[in-house]
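1. Sharing a model that was predicted from the sequence below.
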Amino acid sequence: MCYEVSSVEKIIEKMKSQPNGVRPEEAEKVLRSYGYENVRQKGSHRHYLNKSTGDLITIKQENPLKIAYIKDVLSRIGE
């Protein structure tokens, strides 16, 4: 799936400036643009795997996401 780079950059800026208002769909868009894909879902938790690095991240699908998930996503993409 291909996303416009500018929209992903805007979401990353939002994650940094307003980490308490990020939706799960926005975090998924960022993860997908960095090579992660949804490999499974158990209940309300989705597991995303980066096949090139083997990195697995779990995100609870709640709106808005907790700040801990946002910080985790940012650290894994190097921001």
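-> Yes, it's here. Residues are numbered from 1 along each chain as shown.

2. Going by neighbour count, list what's buried in the worst-scoring helix or strand of the chain on mean pLDDT.
-> When each helix and strand of the chain is scored by mean pLDDT, DSSP states H and E, helix 5-17 comes last, with a mean of 92. Neighbour-count burial for helix 5-17, counted by 16 or more other CB atoms under 10 Å, picks out 8, 11-12, 14-15. Bear in mind the C-beta positions are built from the backbone N, C-alpha and C, glycine included.

3. which one is the most centrally placed residue in the chain nearest to, not counting chain neighbours?
-> In the chain, the residue lying closest to the centroid (CA atoms, centre = their mean) is residue 27, at 3.1 Å. If the residues on either side of it in the chain are set aside, residue 27 comes closest to residue 73, at 5.4 Å by CB to CB, 6 or more residues apart in numbering.

4. tell me which element that neighbour falls in.
-> helix 67-76 (DSSP states H and E).

5. Which neighbouring elements make contact with that helix?
-> Contact partners of helix 67-76 among helices and strands, from 3 or more CB pairs under 8 Å, 6 or more residues apart in numbering; DSSP states H and E: helix 5-17, helix 24-33, strand 55-60.

6. Specify the angle between that helix and helix 24-33 in degrees.
-> 20 degrees (axes from the mean of the first three to the mean of the last three CA atoms, to 10 degrees).

7. Just the mean pLDDT for helix 67-76, thanks.
-> Taken as a whole, helix 67-76 has a mean pLDDT of 96.

8. Tell me the buried residues in it?
-> Result for helix 67-76 [16+ other CB under 10 Å]: buried residues 69-70, 72-74, 76.

9. Touching, residue 74 and residue 17? I think so.
-> No - at 11.6 Å, residue 74 does not count as touching residue 17 under the criterion of CB atoms under 8 Å.
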